[in-house]
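Asks: sequence plus the predicted model coming up.
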Amino acid sequence: MKELLRTNDPTIIAFTKALLEGEDIDCFEMDVHMSVLEGSIGILPRRVMVADRDHFRASAVLKDNDIPSGL
């Protein structure tokens, strides 16, 4: 799996996951439960991961929707 996106903005993560689901690209959100360790203040970024074979298409979907993958 490759990292597609890293952000601590839950709205961008939800939008990204919806876009990828619409394109039939499976994704996995990592670091979701780290908020327990940090005290739920949202400073630790979450990562959206995709399969190696889908990374190029997923990056194109983000670019087409003006979501920078380097967030």
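Replies: Nice, I can see it. Residues are numbered from 1 along each chain as shown.
Asks: which is the next helix or strand following the helix or strand of the chain with the lowest mean pLDDT?
Replies: Least confident helix or strand, the chain: helix 35-38 with a mean of 65, by mean pLDDT, DSSP states H and E. Using DSSP states H and E, the helix or strand that directly follows helix 35-38 along the chain is strand 46-50.
Asks: and that following strand, what's its mean pLDDT?
Replies: Strand 46-50 carries an average pLDDT of 94.
Asks: may I see the buried residues of the longest helix seen in the chain?
Replies: Using DSSP state H, we find that the single longest helix of the chain is helix 10-22. Going by neighbour count (16 or more other CB atoms under 10 Å), the buried part of helix 10-22 is 12, 13, 16, 17, 19, 20. Quick note: C-beta positions are derived from backbone N, CA and C, even for glycine.
Asks: element containing residue 6, please.
Replies: Residue 6 belongs to strand 2-7, assigned by DSSP H and E.
Asks: related to what we said a few turns ago, helices or strands next to the longest helix of the chain in the packing?
Replies: strand 2-7, strand 27-30, strand 46-50, helix 55-64 (3 or more CB pairs under 8 Å, 6 or more residues apart in numbering; DSSP states H and E).
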